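>>> Sequence first, predicted model second:
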Amino acid sequence: MARFSIVDSWRTQSTGTRVLRLMLGATWLYGGLQKASDPKFFDKASTGYIGAQITGYAKNSPLSFILKHMVEHATQVGWLILLGELAVGIAVLSGVALQAAIIAGASISTILWLSVTWHVYPYFLGSDTAYLVMWIALFFLVRKEAGARVRKSPIPNLKDRREVVQMLGVGVTAVIAALAAGGLKKSIPAPKAGTKIVDLSALPVGSNMQFTAPDGGPAYLFRTKAGVFAYSATCTHQGCTVGYNPSGNTLDCPCHGGKFDPANGGAVLAGPPPAPLASIKVAIQGNSIVTV
Ligand code: FES
């Protein structure tokens, strides 16, 4: 068996293959690192908790019967996704067990499409279908360019000690990357009580405004006859920033068509978001509206 070299694995491929490989490998690596460094991902009290996300996706997915069973093992599922994404990213970028990594990446995209973006309309706003097509194209390009060197089966030969060691290397690197990214996790700052947001007179009844939430994220403050209330403007689907839509009095997400109802606890009205917008406690104190 020829000696494996990461540089050769890139040098021998066409520009088109390299572009797809770089994009998919980097995206999967980034996805894993982003989850590992997200303090909400394993926080059961957060709307960003993997269990809350799976519960939301289970409502409308054709895989709902599987997703419902996953909820009780959400933390383990979260680790599996996180390490799977890291391992696929590292394997695709390094070229170790490349064809098997491409199949794993395509499988992850298929699962995400059937669960996370199944109801995104029109379909081209959901990124998972595009990634799935990219994985399929990359698979056929890699098979073709590998030519005579390609084995009939894309699955690595586990009897070959060198391949086993290379795959172990990918697994260990994925775990180290997850732990290193976890070390960068920012703890969620406790909201500062009593911080003034705006003068009461500057926000008449029936109006709203954007402000910065105590955790530093974007947020919306509303004033109605019933009082004042506020929501995080971070979409509970994939974290895009929602904006106020005066025609429907909704908070709309520009990424995949999510819609939230500010008059009803930030409830999801449309699109793939799995949970309502996180509410932020505010109150009228004297002549000001403050966080509480
Ligand atoms: S990020 Fe997907 S709907 Fe908001």
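Okay, I see it. Residues are numbered from 1 along each chain as shown.
>>> from here on, contacts and neighbour counts on C-alpha atoms
OK.
>>> how far away is residue 178 from residue 14?
Taking C-alpha to C-alpha, to the nearest Å as the measure, residue 178 falls 31 Å from residue 14.
>>> Likewise for residue 262?
Distance from residue 262 to residue 14, counting by C-alpha to C-alpha: 51 Å.
>>> which one of those two has more residues nearby?
Ranked by neighbour count (other C-alpha atoms under 10 Å), residue 262 and residue 14 place residue 262 first, with 22 against 12.
>>> Quick check: residue 228 is in a helix.
No - counting by DSSP: H, G, I helix; E, B strand; the rest coil, residue 228 is not part of a helix but strand.
>>> and it, what are its bridge partners?
Counting by DSSP bridges, residue 228 is bridged to residue 223.
>>> I'd like the numbering to begin with 147 instead of 1 from here.
That works, and once the first residue is 147, the last one we named lands at residue 374.
>>> Now for it: which residues touch it?
367, 368, 428, 429, 430, 435 (C-alpha atoms under 8 Å, 6 or more residues apart in numbering).
>>> tell me, which of those make contact with the ligand?
Residues of these in contact with the ligand (C-alpha under 6 Å from any ligand atom): none.
>>> got the residues you listed as CSV, with secondary structure and neighbour count columns?
Below are the contacts of residue 374 laid out as CSV (DSSP: H, G, I helix; E, B strand; the rest coil; neighbours: other C-alpha atoms under 10 Å):
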residue, secondary structure, neighbour count
367, strand, 25
368, strand, 20
428, strand, 22
429, strand, 17
430, strand, 18
435, strand, 24
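>>> and of those, the nearest to the ligand?
residue 367 (18.9 Å; C-alpha to the nearest ligand atom).
>>> Might one say that that closest one is in contact with residue 377?
Yes - Residue 367 is within contact range of residue 377, at 6.7 Å (criterion: C-alpha atoms under 8 Å).
>>> OK, contacts around the spatially most central residue of the chain?
Most central in the chain under C-alpha atoms, centre = their mean is residue 384, positioned 5.2 Å from the mean C-alpha point. By C-alpha under 8 Å, 6+ apart, residue 384 lies in contact with residue 419.
>>> Please tell me how far it sits from residue 216.
To residue 216, residue 384 is 20 Å away according to C-alpha to C-alpha.
>>> How confident is the prediction for the closest residue in space to residue 376 that isn't next to it in sequence, by pLDDT?
Distances taken as C-alpha to C-alpha, 6 or more residues apart in numbering put residue 367 closest to residue 376, at 4.3 Å, once the chain neighbours are dropped. Turning to residue 367, the model gives it a pLDDT of 95.
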